[in-house]
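Student: Show me the folded form of this:
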Amino acid sequence: MVKSLRHRPAWGRGALVTALVAVAATVPLDSGALAATALPAVEPRAETPALHDDDAGGNADADDPAIWRNPADPDRSLVVATAKQGGLRVYDLHAREVQSVSAPAAPGPDDAPGRFNNVDLVHGLRLPSGRADLAVTSDRGSDRLRVYRIDRERSGGPLTDVTDPSAAPVFSSSQEEINEQRTAYGLATWTDPSTGRSYAVVSQRERTRIALLELTPKSDGTVGYRKVRTLDLPADFRLPNGTSWSPCGEPGELPQVEGMVVDPANGTLYAGQEDVGIWRLRADLTGKPQLVDKVREYGVPATYDPSTEECAAGADPGYGGKRLKADVEGLTLLDEGDGDGDGEGDGYLLASSQGDNTFAAYDRELSDRNEYEGGFRVTAASPALDGSEECDGAAVLNEPLGATYPNGLLVVQDGHDAPGDAERPSTGFKFVDLGDVLDAVDD
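Tutor: Presented below is the predicted three-dimensional model:
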């Protein structure tokens, strides 16, 4: 089986998907595939202009979005999204681009350029000029965080780079290590209500490590960070039959985390270990992590074939979950309030099940052990407005966004934007009315 699109051949994602669909047509559907097909469907209302990961398209590849609500004028709210080597894109609520921010250039001719992977928001951080909302992104290319102040009325565009120029690499000790690209990858931000301090939780590419970084405003108006602690999730797992299992990958590659989100109601971090499942742990990285749900491939033996860059799977022993098909990707919280004061978040944890193009919804209440509540698919609204496939990142906001999205908004990455050229990888973001999502999950 194909492990993930991280190892897709150079001939492009569209062609790979076409090949997989052709193969799938000759294989009987399993119960998981049937369940995915039966999930309710929602349709997007808008999509961003396509991004192309090639020289002609500026090496831009859509990955992860965040939704910023303009409290003074909700109709003028924004979506900030990563485009990997293409930097950041900022969109209005009609999915029109309002700003493009370039990733930093490589420091030397043989060094890795900037590559923005995940983005999240910090609200009301105290700077010398006053409180400000920030967009924080993981720069996988340089192993650093980049920080941007959000000012909707700024004439040059709403984002201004306020990154401390002396900010150190998150995981690497040298430029040589940075060039190996075991660098800052997934990212989630949170603010501790007891102290008012803001943090970023950052995962390491091709490793199981997660780092807690405190954001540190400087007297010159820039923002840096300091590492508080790290935590390593497991890479090997003991199965019920007494054997040890680890997900298949390239030699030396460990099962990484990308999608992450922190529940502000109780300081709980949810972390998606792509080929394993969803972990629940304290956002301060203390205590013992708990595996909330597993991908269906959990426990399946597989062998990596370097000639094909694929993992050939053996017989399924039946130890995996039922809701997620690897990779588990974008995690986001659908907040429905916390009016009862019990420290339990009311609403859903949404997770992208990348392997079958679906989304799973889990209860946020810890006392219910994050019970599965349902799922949905984002499907085509018209021949010109397709759905979401191979979704990497997602963001949801359950607040009215003016006349455009009075019910709130869900933004999902589309890893295979169509219609498009199969020889030219094409990605983007789909905007979905949150009322449609709630109707689907609550069915």
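
Student: Next up, the contacts around R323.
Tutor: Applying CB atoms under 8 Å, 6 or more residues apart in numbering to R323 gives the contacts 293, 353, 360, 372, 375. To be clear about C-beta, it is placed using only N, CA and C from the backbone, and glycine gets the same treatment.

Student: so what's the second one scoring on pLDDT?
Tutor: Spelled out, that is S353. Here, the pLDDT recorded for S353 equals 98.

Student: Pairing partners for it in the sheet, please.
Tutor: V328, T358 (DSSP bridges).

Student: what do you get for the one 10 residues further on?
Tutor: Partner residues in beta bridges with D363, using DSSP bridges, are Y348.

Student: Which helix or strand in this structure has the lowest average pLDDT?
Tutor: The helix or strand of the chain with the poorest confidence is helix 13-24; it has a mean of 33 (mean pLDDT, DSSP states H and E).

Student: and A50, what is it in contact with?
Tutor: Per CB under 8 Å, 6+ apart, neighbours of A50: 417, 420, 426-428.

Student: er, A283 actually
Tutor: Applying CB under 8 Å, 6+ apart, we find A283 in contact with 190, 199, 201, 212, 262, 267-269.

Student: which one of these has the most neighbours?
Tutor: For the contacts of A283, counting by other CB atoms under 10 Å, the largest number of neighbours falls to V201: 26 neighbours.

Student: Report the buried residues of stretch 124-131.
Tutor: Within stretch 124-131, the residues that count as buried by 16 or more other CB atoms under 10 Å are 125, 127.

Student: cool, and stretch 385-400?
Tutor: Counting neighbours by 16+ other CB under 10 Å, stretch 385-400 gives 386-400 as buried.

Student: Now do whichever strand or helix holds V292: distance to the chain's middle.
Tutor: Using DSSP states H and E, V292 maps to strand 290-294. How far strand 290-294 lies from its chain's middle: 18 Å, per CA atoms, centre = their mean, to the nearest Å.

Student: helices or strands up against it?
Tutor: strand 277-282, strand 358-363 (3 or more CB pairs under 8 Å, 6 or more residues apart in numbering; DSSP states H and E).

Student: quick check, distance from the first one to the centre of its chain.
Tutor: Right, strand 277-282. 15 Å.

Student: sorry, back to before: tell me which residues of the strand holding V292 come out buried.
Tutor: Those would be 291-294, for strand 290-294 by 16+ other CB under 10 Å.

Student: Columns distance to K84 on top of the contacts of R323, output as CSV?
Tutor: Below are the contacts of R323 laid out as CSV (distance: CB to CB, whole Å):
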residue, distance to K84
D293, 28
S353, 22
A360, 25
Y372, 31
G375, 27
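
Student: I'd like the mean pLDDT over stretch 387-399, please.
Tutor: 96.

Student: so how far is the first residue of that stretch from its last?
Tutor: Using CA to CA, to the nearest Å, the span of stretch 387-399 from its first residue to its last is 23 Å.

Student: Can you show me the strands along the stretch 251-400 of the chain?
Tutor: 257-263, 268-273, 277-282, 290-294, 302-305, 310-313, 328-335, 347-353, 358-363, 372-378, 394-397 (DSSP state E, counting those that start in this stretch).

Student: Would you tell me which of these gets closest to P251?
Tutor: strand 302-305 (7.2 Å; CB to CB).

Student: Please enumerate residues in contact with that closest one?
Tutor: 1, 3, 247-251, 310-314.

Student: Out of the residues you listed, the closest to Q273 would be?
Tutor: P247 (8.5 Å).

Student: ok, that closest one - contacts?
Tutor: 255, 275-276, 297, 302, 326.

Student: Could you report the distance from A418 to A50?
Tutor: 9 Å (CB to CB, to the nearest Å).

Student: Report the set of residues contacting both of the two.
Tutor: By CB under 8 Å, 6+ apart, A418 and A50 have these common neighbours: S426.

Student: can you list contacts of stretch 97-105?
Tutor: Contacts of stretch 97-105 (CB under 8 Å, 6+ apart): 48-49, 78, 84-92, 113-116, 139, 141-142, 146, 148, 157-159, 161.

Student: Using PyMOL, define a selection of the buried residues within those residues.
Tutor: To isolate the buried members of the contacts of stretch 97-105 in PyMOL, using 16+ other CB under 10 Å:
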select buried, resi 48+78+84+85+86+87+88+89+90+91+92+114+115+116+139+141+142+146+148+158+159
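
Student: just for the stretch 251-400 of the chain, where's the confidence low?
Tutor: 337-345 (pLDDT under 70).

Student: rerun that using 80 as the cut-off
Tutor: Where the stretch 251-400 of the chain drops to pLDDT under 80, the residues are 337-345, 366-368.

Student: ok, back up a step: make TSV out of the strands of the stretch 251-400 of the chain and add distance to S219.
Tutor: Supplementary listing: the strands of the stretch 251-400 of the chain in TSV, determined by distance: least, CB to CB, whole Å:
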stretch	distance to S219
strand 257-263	28
strand 268-273	31
strand 277-282	32
strand 290-294	41
strand 302-305	50
strand 310-313	51
strand 328-335	34
strand 347-353	38
strand 358-363	43
strand 372-378	45
strand 394-397	32
